[in-house]
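*Asks:* Compute the structure for the input listed below.
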Amino acid sequence: MSKSKNEFRAWYENDSAGKSHIKVKGTVTEIDGSTTTIVRANPQGINPRVLLLRLDVQPYSGSIPPHTAIEKEITYDELSTKGAFSDVTIEGKTDSFTLKVEADAH
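*Replies:* Alright, predicted model coming up:
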């Protein structure tokens, strides 16, 4: 699985009921039939203003993995008071990167 900070963004958005959500969206490349999701890390880090997320990569579960590389959009959505988080850190298996939460969704 490969990823790039430039392929992710984080922002706040209100739902139809007016509740605020923090949203994260990005693109990953899944290799040889693996599947990737983005989940809240547990425990969170020491800075309460930084939402810590983790890329969860599951290997192909069949007997013979396909030799493929597929780009896939992944998303994360959590109810959150607008402004509670200033940054989002996304951790992979061997690296991590941090995004600023955008002031408004475009």
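
*Asks:* Per-residue pLDDT of Asp32, please?
*Replies:* Looking at Asp32, its pLDDT reads 87.

*Asks:* go on, the one 3 residues further on?
*Replies:* pLDDT, Thr35: 90.

*Asks:* lowest-confidence helix or strand of this structure?
*Replies:* strand 2-14 (a mean of 81; mean pLDDT, DSSP states H and E).

*Asks:* C-terminal to that one, what's the next element?
*Replies:* strand 20-31 (DSSP states H and E).

*Asks:* Please identify the buried residues of that next one?
*Replies:* Ile22, Lys23, Val24, Gly26, Val28, Thr29, Glu30, Ile31 (16 or more other CB atoms under 10 Å). C-beta here means a position set from N, CA and C on the backbone, and glycine is covered the same way.

*Asks:* now the spatially most central residue of the chain, which residues is it bridged with?
*Replies:* In the chain, the C-alpha nearest the mean C-alpha coordinate belongs to Ile38, at 4.4 Å (CA atoms, centre = their mean). Residues in a beta bridge with Ile38, per DSSP bridges, are Leu55.

*Asks:* mind checking how far it is from Glu91?
*Replies:* 10 Å (CB to CB, to the nearest Å).

*Asks:* what sits in contact with each of the two?
*Replies:* Leu53, Arg54, Leu55 (CB atoms under 8 Å, 6 or more residues apart in numbering).

*Asks:* pretty sure the first one is touching Val24, no?
*Replies:* Yes: with contact defined as CB atoms under 8 Å, Leu53 counts as touching Val24 (6.5 Å).
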